[in-house]
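Enquirer: give me a 3D structure for the following:
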Amino acid sequence: MSKKKKPAPKKSDTPNLKSSTLNLSLNVIIFLLGAFIIYLAYSLFLVINSDNNPQPKANNENIPAEIIQVEVLNGCGVNALADRFTDYLRLRNIDVVKTGNYQNFDIYESLVIDRSGNIANAYKVAQTLGIDKSKVIQQLNDDYFLDVSIVVGKDYHKLLPIKTGN
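Expert: Take a look at the predicted model:
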């Protein structure tokens, strides 16, 4: 008895269409992911090495601007008080761009609010009005196009615009 060998199956000369399409698709995906990773790495490199570093605050905090734009808000409810403070500030070359009432009339101590990040402006306005530096706060807001907000409280009679009568 002789054993007959079964003939080996012939491999077709043309590759399987399904597997070649799959291989091509995977290669395209790998290439696109590689390009995306290179793009992200380049973007990260640009962000890290950019020259858009913010200026140190020390430069802005020590020097008040020549023109300080302020708003005067009445926080105690006394009629025409914001107008009186506005006249006083304008005589001292401070640009009052807005006057009005604060959101309520329960403010006991007047305060000065820095809106632009240059607290020296707020300190100068506080000094002009006779408000203590401890009553100067910083609330930065890009929506405001002014430097300082002043909220006149119920202690208004202690401040220079009322004391001096100007």
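Enquirer: roughly how far does residue 100 sit from residue 92?
Expert: Distance, residue 100 to residue 92, by CB to CB, to the nearest Å: 20 Å. The way it works is simple: take the backbone N, C-alpha and C, and place the C-beta from them, glycine included.
Enquirer: how about the secondary structure of the residue most central in space within the chain?
Expert: By CA atoms, centre = their mean, the mean C-alpha position of the chain lies nearest to residue 142, the distance being 6.1 Å. Three-state assignment for residue 142 (DSSP: H, G, I helix; E, B strand; the rest coil): coil.
Enquirer: what is the burial count for residue 67?
Expert: Other residues lying near residue 67 total 10 when counted by other CB atoms under 10 Å.
Enquirer: okay but it is in contact with residue 97, surely?
Expert: No - if you go by CB atoms under 8 Å, residue 67 and residue 97 don't touch, sitting 10.5 Å apart.
Enquirer: residue 100 and residue 92: who's more crowded?
Expert: When residue 100 and residue 92 are compared for neighbours, residue 92 comes out ahead with 13 against 9, by other CB under 10 Å.
Enquirer: and the residue nearest to that one when sequence neighbours are not counted, what is it in contact with?
Expert: Closest residue to residue 92 apart from its sequence neighbours, by CB to CB, 6 or more residues apart in numbering: residue 128 at 5.6 Å. By CB atoms under 8 Å, 6 or more residues apart in numbering, the contact list for residue 128 reads 89, 92, 94, 160.
Enquirer: using PDB, list the CA coordinates for the one helix or strand residue 128 maps to.
Expert: Using DSSP states H and E, residue 128 sits in helix 119-129. C-alpha atoms of helix 119-129 as PDB (Å, rounded to 0.1, in the frame of the first residue of the first chain):
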ATOM      1  CA  ILE A 119      -4.100  99.100  40.900                       C
ATOM      2  CA  ALA A 120      -2.000 102.300  41.000                       C
ATOM      3  CA  ASN A 121      -4.900 104.000  39.200                       C
ATOM      4  CA  ALA A 122      -7.300 102.900  42.000                       C
ATOM      5  CA  TYR A 123      -4.900 104.000  44.700                       C
ATOM      6  CA  LYS A 124      -4.600 107.500  43.000                       C
ATOM      7  CA  VAL A 125      -8.400 107.800  42.800                       C
ATOM      8  CA  ALA A 126      -8.700 106.700  46.400                       C
ATOM      9  CA  GLN A 127      -6.100 109.200  47.600                       C
ATOM     10  CA  THR A 128      -7.900 112.000  45.600                       C
ATOM     11  CA  LEU A 129     -11.200 111.200  47.400                       C
END
